[in-house]
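**Student:** sequence first, predicted coordinates after that:
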Amino acid sequence: MSEALKEDLEKIPELQHRNFRNDEFWKKIPAWSNVSREEFGNHLWQLKHSIKKIEQVAKALGPLCTPELMSDLEAGQRRTPMNIRITPYIFSLIDWTNPWDDPIRKQFLPLGSQFLDDHPYYQADSLGEDTDSPVAMLTHRYPDKVLFLPTTICPVYCSYCTRSRIIGGSTESVDKETYGANQKKWDQAFEYILHNPLIEDVVISGGDSYMLTPKQLKYIGESLLKIPHIRRIRYATKGIAIFPQKITSDDDWFNALCEVHEFGKSFGKQVVIHTHFSSPKEITKWSQDAMDRLFSAGIIVRNQAVLQDGVNNSVETMVKLTRSLGFLNVQPYYVYMHDMVPGCEHFRTTLREGIEIEKAVRGTTAGFNTPTFVCDLPGGGGKRHVASYEYYDEENGISVWKAPYVKPGEVFTYFDPIHKLSPEAQKRWENEHTREAMIKEAIKKVTG
Ligand code: SF4
């Protein structure tokens with residue numbers, strides 16, 4: 001294709017989802033203005049220059065970091081349940097001329113000014129993962145599937161992490177029992193899976209599979225695939241979205257993944273990746289190169305996004321995200337309503353927003369490339385389609401749900417963020433007795 005035709009195509013609004021930036025965007029960051037494309041594309045360079053402290057933000061940005069921004073970032077650190085860790089790649093994609101509104105900054109670098117009081121019914125373990133844990137590092141909720149958490153470290157730390165209770169080390173506001181790789185404990189989890197023949201599917205999450213060494217990646221993958229009744233494993237990593245250079249330049253890790261994939265294929269079992277793009281701003285030519293490498297190796301990648309206020313809660317953004325991912329050969333699988341975890345009230349949207357955005361996204365591309373919007377029910381009811389509630393009191397932001405197969409006979413509730421309700425409804429939530437009565441009333445509509 002000629003350059004002129006390429007430029008013409010890039011201007012067509014309907015094709016913007018294919019327009020992946022390929023400029024040297026990191027050179028706008030004063031600390032990296034002389035970093036070559038080759039250096040920036042090296043996974044070891046990315047790891048070495050990852051930002052883990054607020055002072056490093058100021059150092060990297062130089063004059064771009066105003067005293068106002070710095071003091072807001074410091075206030076954010078006093079409040080957030082998550083540590084800072086951010087790769088130069090994703091850090092450079094932030095619009096530092098307006099960091100306050102930037103969807104990437106919002107996800108990784110919390111500001112004190114953005115926080116709201118937690119919802120009265122928030123829970124550190126909102127999804128009840130610890131309650132449904134038969135052995136360490138394993139959650140067994142759905143009959144045929146388990147969630148395996150082999151590590152609690154990640155290449156970036158997301159301010160909205162649903163496992164903020166364990167991921168990424170203690171902060172000023174939360175003490176955590178984090179853990180690294182521990183083969184003995186992994187073996188206990190494999191033993192449990194071996195003795196539960198109903199289990200067919202294992203999600204290897206964490207933490208992030210990017211932080212496993214090639215040897216660990218292979219040990220986990222092959223141990224699970226050798227269990228006769230296991231049919232599918234999925235490595236969960238946010239890596240492709242925030243650190244694509246690992247896929248393109250860490251050959252040892254990539255080859256280990258390919259070997260597990262081939263090992264699975266040799267006896268008819270699936271090995272796939274689940275990743276986590278939330279905003280189309282995270283997608284660049286680097287992401288495309290990483291996806292091309294995975295696709296050539298035959299590895300399927302699916303995406304799980306979280307619906308977040310100011311990040312992706314508009315039809316335009318969600319359509320662009322969905323279509324860009326489809327173009328990259330990433331299957332947009334789920335969009336989650338935000339979990340009711342601490343330090344995240346400013347990110348949450350109403351259930352109504354989720355329902356309306358899904359309606360608008362559906363039909364914009366092929367059905368298999370259209371994400372299902374789900375609410376992962378607080379208390380461990382599992383993922384339910386956003387429109388499958390039993391009752392929704394929109395005025396007071398209370399939805400009531402059932403999960404007939406996962407927890408027969410139980411009812412679950414999910415609450416909209418209070419600041420998005422009418423002033424009258426906000427007032428009703430202020431009083432403990434009134435809110436309990438509203439919730440009881442909503443549940444009664446379902447249970448009779
Ligand atoms: S990568 Fe996943 S597990 Fe790690 S901090 Fe982000 S959301 Fe949490």
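**Tutor:** Perfect, I can see it now. Numbering: from 1, shown residues only.
**Student:** from here on, contacts and neighbour counts on C-alpha atoms
**Tutor:** Fine.
**Student:** spatially central, which residue of the chain would that be?
**Tutor:** His276 (4.7 Å; Cα atoms, centre = their mean).
**Student:** show me what contacts whichever residue of the stretch 251-400 of the chain sits closest to the ligand?
**Tutor:** The ligand sits closest to His276 of the stretch 251-400 of the chain, with a gap of 7.8 Å, by Cα to the nearest ligand atom. Going by Cα atoms under 8 Å, 6 or more residues apart in numbering, His276 touches 237-241, 303-305.
**Student:** so which of the residues you listed also contact the ligand?
**Tutor:** Restricting the contacts of His276 to those touching the ligand (Cα under 6 Å from any ligand atom) yields Lys238.
**Student:** kindly reformat the contacts of His276 as CSV containing secondary structure and neighbour count.
**Tutor:** Conversion of the contacts of His276 to CSV gives the following (DSSP: H, G, I helix; E, B strand; the rest coil; neighbours: other Cα atoms under 10 Å):
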residue, secondary structure, neighbour count
Thr237, coil, 23
Lys238, coil, 26
Gly239, helix, 23
Ile240, helix, 25
Ala241, helix, 24
Asn303, strand, 24
Gln304, strand, 21
Ala305, strand, 23
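**Student:** for the stretch 1-150 of the chain, which spans come out with low pLDDT?
**Tutor:** 1, 9 (pLDDT under 70).
**Student:** residue of it nearest the ligand, please.
**Tutor:** Met82 (7.7 Å).
**Student:** isn't that residue up against Ile166?
**Tutor:** No: using Cα atoms under 8 Å, Met82 and Ile166 do not qualify as a contacting pair, with a distance of 9.5 Å.
**Student:** just the helices in the stretch 151-300 of the chain please.
**Tutor:** With DSSP state H, counting those that start in this stretch as the criterion, the stretch 151-300 of the chain has helices at 183-194, 214-225, 239-242, 245-249, 251-266, 285-296.
**Student:** which strands and helices lie in contact with the last one?
**Tutor:** Right, the one you point to is helix 285-296. helix 239-242, helix 245-249 (3 or more Cα pairs under 8 Å, 6 or more residues apart in numbering; DSSP states H and E).
**Student:** now those helices in JSON lines, with distance to Phe108 and mean pLDDT?
**Tutor:** Below are the helices and strands packed on helix 285-296 laid out as JSON lines (distance: least, Cα to Cα, whole Å; pLDDT from 0 to 100):
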{"stretch": "helix 239-242", "distance to Phe108": "11", "mean pLDDT": "96"}
{"stretch": "helix 245-249", "distance to Phe108": "19", "mean pLDDT": "98"}
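**Student:** adding distance to Gly397, write those helices out as TSV.
**Tutor:** Listed next are the helices and strands packed on helix 285-296 as TSV, based on distance: least, Cα to Cα, whole Å:
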stretch	distance to Gly397
helix 239-242	32
helix 245-249	42
